[in-house]
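Novice: predicted model follows, preceded by the sequence.
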Amino acid sequence: MDVISPEGLRQDGRTPTCLRDISCRLGLYDRPNGSAYIEIGNTKVLAAVYGPREVRSLSKQNLDECVIQCEMSRIAACQGERVRRPRDQRTRALSLQIAGVFHAAIRKTKYPGSQIDIYVQVLQADGGVTSACINASALALIHAGVELMDYVVSCTASINKTTPILDVTQQESVTGCEVTVSMLPNKGSVVSLDCAHTLHLDQLDEVVDLAMEGCQQIYKVMSQEVETYLQDKNAVMSHQ
Amino acid sequence: MKEVPLSTCERTSLVSSIHAGLRYDHRKFMEVRDITLNFGKDFGSCSATLGETRVLAQVTCEVVEPRPSRPNEGKLSIAVHLSPMAAPHLEPGRTNDIVDELQQILDRNIKESRCLDLESLCIQAEESVWQLRLDVTVLNHAGNLGDACNLASVAALRHFHRPDVTVEADGRVTVHTLEERQPIPTFMRKVPVCLTYAFFMEGEHCITVMDPTEQEERVMCGRLVVGLNPHGEITSLLFPGRMMMEKETLLSCIRKAFTKAKSVAETVQQAVEDDLTQRKTVSVKPRGYEVKNLRSDTDYNRWLIDQRVDKRKLMIEENVMPMEEEMQDPFEANVQQPEDSEDSDVNPPATSSKTPLGPSSHKKKKKESVMANGSEEEGDEEEEEVKSKLTAEDLL
């Protein structure tokens, strides 16, 4: 099956540069300091943030800035095949990457000697899992009130022969590459770049450009959600 | 044991020297440490050194049942082992962040890029296939493990030969020993190369350094690991954040990596071929790793100093003031960076024809060339050969 039909549409009826439906929510739970949920098409991710709190292992404590830890896990039924281990080598590598992104985005010197933990749970995986995790964690951190330089937004892109495609699904990433770009949308700088499967050097530029455009679109949805959340909360507070 | 932290003065000294355009090991910013490849007694055993970083890769094979989803493809599994041997702060028997990252880099560069023809490893579809196991052991951690592991694994896989098999009419499979029949080499189409850049921030300005040492790795702000092959395909890309970067800086790094990857891939291919032809022509069996092939860190440092002394003598003979040259070089390299990136923007082949202009580019390439299997004089001769080949190709 072709990724792009002769009419120029993809399997799910999108044009090559169209995002999937995105919906997100802030503040699902009370116990963690911050929590968020994001749906990008069929990819569904839940994130919770604890902290800034006391550092668990004193050997890791840094008196100049905060320690950021991330743990990502998948539920057993998140994919077509049952996932044997919720955490394996691959999710550990992804967790490192997510932690790295927030090392760049959080104002670490504001929280010296403390720790911020990010827990991410993948409920359903259908392409772009890393980017969904980063977006969900960013929202959870905003909900927790952790000081960030800027929003952190992430998006994937790929290329099919010569047509760059935005926001790939699982099916589309099997045949092509999957480039994940995370950026700070207002500053315009990249905080993480990741490529799985092969991609030609000459095509990299347009794929990254497209992913960055996608980031800006996702940013709009995310900031909209944060605004409505704050307005709701404000309304409740003033009512009391 | 806990990792011994770098003191503040060590840290500031390293950072300020890099801001001044100097590195502790006298390298230029875009210079890779020396690559050495040694091969063991058996096929598929290779020890690679990158400066003082040392990695051993060993390929073994066995006949197994194929995966039901891919009945006519062989299997390839990669395992990275890091023990306290490599560095004192690594704990035995525990997976740590470094292993996870190395595993991901190798998986992407070698497995997912499909540089190895797995279908040729099939014996009987749905019945039996070869499984190649690649065990990568880090012997000494002196920075940039990603590049070193990739180098050792690729060389070991290219060097590997598997025993020949015959399938009888009734489906019985006979595996012939290496003496009975000529073993079959693995078929590797493209050579994946891994290159690491370290970034140091100086205010708004970002300094890019290639192939960081362990000390530099501990001080750097962020890094970029590019896996690519000489055909211009990117097999893996890892920029794990920790800092903000402009998109253009990252992309220009990736473009620059391409020319470097070509020369590294050539070095690997050459070293493997040399060893294989030597095995064919010389009737005496290879003796594997020997004391004379193993180079200690002190030997290596001694050799580096000798090289530097020779270079200085040469410069004095040519009536060039050595001090000025050394002071200028790093700054020149610094200034040239943006120009280089512009060149490579336009057309990658164009830059390769320009490279032989400066004498420094010769030296750079000379440093990368291999010193396989021999004493230092032999290595030097080989260096000369590789160098002449490289320049000849560049001129074409």
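Specialist: Perfect, I can see it now. This structure is a prediction, so every number in the text was calculated from the model and none was measured.

Novice: only C-alpha atoms for contact and neighbour calcs from this point on.
Specialist: Will do.

Novice: what stretches of the stretch 251-396 of chain B score poorly on pLDDT?
Specialist: The model of the stretch 251-396 of chain B has pLDDT under 70 over residues B:283-285, B:292-293, B:320-396.

Novice: what parts of it come near chain A?
Specialist: B:Leu251, B:Arg255 (CA under 8 Å from any CA of the partner chain).

Novice: after the strand or helix carrying B:Cys253, next one along is what?
Specialist: Element membership for B:Cys253 (DSSP states H and E) is helix B:247-281. Next helix or strand after helix B:247-281 toward the C-terminus (DSSP H and E): helix B:297-317.

Novice: in chain A, where is pLDDT below threshold?
Specialist: Flagging of chain A using pLDDT under 70 yields the residue ranges A:1, A:237, A:239-240.

Novice: thought B:Ala57 was touching B:Ala148?
Specialist: No - B:Ala57 lies out of contact with B:Ala148 (CA atoms under 8 Å); the separation is 10.1 Å.

Novice: pull the longest helix from chain A.
Specialist: In chain A, with assignment by DSSP state H, the single longest helix is helix A:201-239.

Novice: the closest residue to B:Val219 other than its chain neighbours - how many residues pack around it?
Specialist: Using CA to CA, 6 or more residues apart in numbering or on different chains and skipping the chain neighbours, the partner closest in space to B:Val219 is B:Arg11 (6.5 Å). By other CA atoms under 10 Å in any protein chain shown, 16 other residues sit near B:Arg11.

Novice: and chain A, which of its residues are near chain B?
Specialist: A:89-90, A:92-93, A:96-98, A:100-105, A:188-202, A:205.

Novice: buried subset of those residues?
Specialist: A:89, A:92-93, A:96-98, A:100-105, A:189-201 (16 or more other CA atoms under 10 Å in any protein chain shown).

Novice: which residues in chain A form strands?
Specialist: Counting by DSSP state E, one finds strands in chain A at the ranges A:22-26, A:34-40, A:43-54, A:67-74, A:114-124, A:153-160, A:163-166, A:178-184, A:189-196, A:199-200.

Novice: and the angle from the longest helix of chain A to strand A:189-196?
Specialist: 120 degrees (axes from the mean of the first three to the mean of the last three CA atoms, to 10 degrees).

Novice: which SS class is B:Ala198?
Specialist: Three-state assignment for B:Ala198 (DSSP: H, G, I helix; E, B strand; the rest coil): strand.

Novice: what pLDDT does it get?
Specialist: Predicted confidence (pLDDT) for B:Ala198: 94.

Novice: so how far is A:Arg74 from the closest residue to it other than its chain neighbours?
Specialist: Sequence neighbours aside, B:Arg223 is the residue nearest to B:Ala198 in space, at 4.3 Å (criterion: CA to CA, 6+ apart). Using CA to CA, to the nearest Å, B:Arg223 is found at 28 Å from A:Arg74.

Novice: tell me how far B:Arg181 lies from B:Ala79.
Specialist: Counting by CA to CA, the gap from B:Arg181 to B:Ala79 is 30 Å.

Novice: and these two? Which one has more around it.
Specialist: B:Ala79 (16 against 12).

Novice: and the nearest residue to that one once chain neighbours are set aside, how many neighbours?
Specialist: Excluding its sequence neighbours, the residue lying closest to B:Ala79 (CA to CA, 6+ apart) is B:Asp135, at 5.0 Å. Neighbourhood size, B:Asp135 [other CA under 10 Å]: 19.

Novice: from the chain's centre, how far out is stretch A:67-83? Work that out for me.
Specialist: Here stretch A:67-83 is found 14 Å from its chain centre; the criterion is CA atoms, centre = their mean, to the nearest Å.

Novice: now do stretch B:255-274
Specialist: Centroid separation for stretch B:255-274 versus its chain: 9 Å, with CA atoms, centre = their mean.

Novice: just stretch B:94-103 next, same as before
Specialist: In terms of CA atoms, centre = their mean, the centre of stretch B:94-103 is set 19 Å apart from its chain centre.

Novice: anything in it near chain A?
Specialist: Yes - using CA under 8 Å from any CA, stretch B:94-103 reaches chain A at B:Asp97, B:Asp100, B:Glu101.

Novice: check the residues you listed against B:Gly171 and report the nearest one.
Specialist: Among the residues of stretch B:94-103 next to chain A, B:Asp100 lies closest to B:Gly171 (CA to CA), at 40.7 Å.

Novice: shouldn't the closest one be in contact with A:Ala93?
Specialist: Yes - using CA under 8 Å, B:Asp100 is in contact with A:Ala93, at 5.6 Å.

Novice: and A:Leu201, what is it in contact with?
Specialist: A:Leu201 makes contact with B:Gly232, B:Glu233, B:Ile234, B:Arg255 under the criterion CA atoms under 8 Å, 6 or more residues apart in numbering or on different chains.

Novice: of these - the most surrounded one?
Specialist: B:Ile234 (29 neighbours).

Novice: list the buried residues for stretch B:114-133?
Specialist: Quick answer for stretch B:114-133 (16+ other CA under 10 Å): B:114-116, B:118-119, B:121-124, B:126-133.

Novice: so which of these reach chain A?
Specialist: Answer for those near chain A: none qualify (CA under 8 Å from any CA).

Novice: work out for me the element the most centrally placed residue in chain B sits within.
Specialist: Centroid-nearest residue in chain B: B:Leu151, 3.6 Å away (criterion: CA atoms, centre = their mean). Per DSSP H and E: B:Leu151 is located in helix B:145-159.

Novice: please name every helix or strand in contact with that helix.
Specialist: On a contact count with 3 or more CA pairs under 8 Å, 6 or more residues apart in numbering or on different chains; DSSP states H and E, helix B:145-159 meets strand B:45-50, strand B:53-64, helix B:97-106, strand B:128-140, strand B:193-202, helix B:247-281.

Novice: if you compare these, which one is most tucked away?
Specialist: strand B:45-50 (a mean of 26; mean count of other CA atoms under 10 Å in any protein chain shown).

Novice: what does that one contact?
Specialist: B:33-40, B:54-59, B:148-149, B:151-153, B:155-156, B:159-160.

Novice: quick one: A:Leu199 and B:Ile234 touch, right?
Specialist: Yes - using CA under 8 Å, A:Leu199 is in contact with B:Ile234, at 5.1 Å.

Novice: can you report how many residues lie near A:Glu213?
Specialist: 16.

Novice: state the distance from it to A:Lys110.
Specialist: The value you get for A:Glu213 to A:Lys110, if CA to CA is used, is 31 Å.

Novice: again with A:Thr43
Specialist: 33 Å.

Novice: who has more neighbours out of the two?
Specialist: Shown here are A:Thr43 and A:Lys110; by other CA under 10 Å, A:Thr43 has more neighbours (24 against 14).

Novice: tell me what the more buried one is bridged to.
Specialist: A:Thr43 forms beta bridges with A:Ile40, as assigned by DSSP bridges.

Novice: if anything else comes up later, I'll come back, but that's it for now.
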